[in-house]
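In: Pasting the sequence and the predicted coordinates here, then a few questions.
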Amino acid sequence: MSGDLFMLLPIISIFFYLVMIAVIIYVVFTFLKLGKERNAYLKQIAEELRRQ
């Protein structure tokens, strides 16, 4: 029984690292998307200020 748990430990650790990498990639892409949207809003504001 305890041998089975030791055999699962490497699989669980690999799964844990894959989940961490996926979360990091998701966060990075989310921040990039938010930055792009913010830049678009700032560009619109700048164009409106130039028109005035």
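Out: Looks like it came in fine. Just so you know, these numbers come straight off a predicted model, no measurement behind them.

In: Where does the prediction get shaky in the chain?
Out: 1-3 (pLDDT under 70).

In: where do the strands sit along it?
Out: For the chain, applying DSSP state E gives no strands.

In: Do you have the helices of the chain handy? List them.
Out: 2-51 (DSSP state H).

In: Dump stretch 40-52 to CSV, keeping only the CA atoms.
Out: Provided in CSV are the C-alpha atoms of stretch 40-52 (Å, rounded to 0.1, in the frame of the first residue of the first chain):
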residue,chain,number,x,y,z
ALA,A,40,-6.7,51.4,-26.9
TYR,A,41,-8.7,53.5,-24.4
LEU,A,42,-5.8,55.9,-24.0
LYS,A,43,-5.5,56.2,-27.7
GLN,A,44,-9.2,57.1,-28.0
ILE,A,45,-8.8,59.7,-25.3
ALA,A,46,-5.8,61.2,-27.0
GLU,A,47,-7.6,61.5,-30.3
GLU,A,48,-10.6,63.2,-28.6
LEU,A,49,-8.3,65.7,-26.9
ARG,A,50,-6.6,66.5,-30.2
ARG,A,51,-10.0,67.3,-31.8
GLN,A,52,-10.8,69.9,-29.2
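
In: Centre of the chain to it, how far?
Out: 29 Å (C-alpha atoms, centre = their mean, to the nearest Å).

In: how many other residues sit next to residue 16?
Out: Using other C-beta atoms under 10 Å, the number of residues around residue 16 comes to 10. (C-beta placed from N, C-alpha, C; glycine too.)

In: Sweet, I'm off.
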